[in-house]
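Participant: build the 3D model from these lines:
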Amino acid sequence: QVQLVESGGGLVQTGGSLRLSCAASRSILSINTMGWYRQAPGKQRELVAQVTRSGRTNYGDSVNGRFTISRDNAKRTWYLQMNSLKPEDTGVYYCNAEINNPTYGPDYAYWGQGTQVTVSS
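Facilitator: Next comes the predicted model:
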């Protein structure tokens, strides 16, 4: 198991930047995929960014080129640097970890509690 705690959300103006952090309760070296998802009011949760254990990254189309995912193995933390923010980036951001679980199978998903990001126009 792993517990995930997000931080860094807040209110920012259009064009501004924020950095989100996701701190894990254990080493992240065994996590297959670390990611960020977001959910806007009335919409489905969507992928924002992922980084695999090998370092391969994947971004949602709407954030590609503006957001960057990174990780610090020593701090057991991964980050989402968000630049050139737009009002449509507003939502609750959740960090996600996919880990092989002996009971539930491969790539079992764990979630943080979410952090609110609001971009004002």
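
Participant: wait, Q13 sits on D89?
Facilitator: No: between Q13 and D89 there is no contact under C-beta atoms under 8 Å: 11.8 Å. C-betas here are computed from N, CA, C, even on glycine.

Participant: neighbour-wise, which of those two wins?
Facilitator: Legend: neighbour count by other C-beta atoms under 10 Å for Q13 and D89, higher for D89 (22 against 10).

Participant: got the contact list for the residue lying closest to the more buried one once chain neighbours are set aside?
Facilitator: Nearest residue to D89 in three dimensions, chain neighbours excluded: V119, at 5.1 Å (C-beta to C-beta, 6 or more residues apart in numbering). Residues near V119 by C-beta atoms under 8 Å, 6 or more residues apart in numbering: V12, Q13, T14, G16, L85, K86, P87, E88, D89, T90.

Participant: grab the nearest non-local neighbour of the fourth one.
Facilitator: Yep, that's G16 we're talking about. G16 sits nearest to L85 (C-beta to C-beta, 6+ apart), 5.3 Å away.

Participant: quick one: that neighbour is in a strand?
Facilitator: No: applying DSSP: H, G, I helix; E, B strand; the rest coil, one finds L85 to be coil, outside a strand.

Participant: neighbours around it, how many?
Facilitator: 22.

Participant: would you mind measuring from it to R45?
Facilitator: Computed with C-beta to C-beta, to the nearest Å, the distance linking L85 and R45 is 19 Å.

Participant: same check, this time on G16
Facilitator: According to C-beta to C-beta, G16 stands 23 Å off from R45.

Participant: kindly report the same for P106.
Facilitator: For P106, the distance to R45 - C-beta to C-beta - is 21 Å.

Participant: sweet, I'm off.
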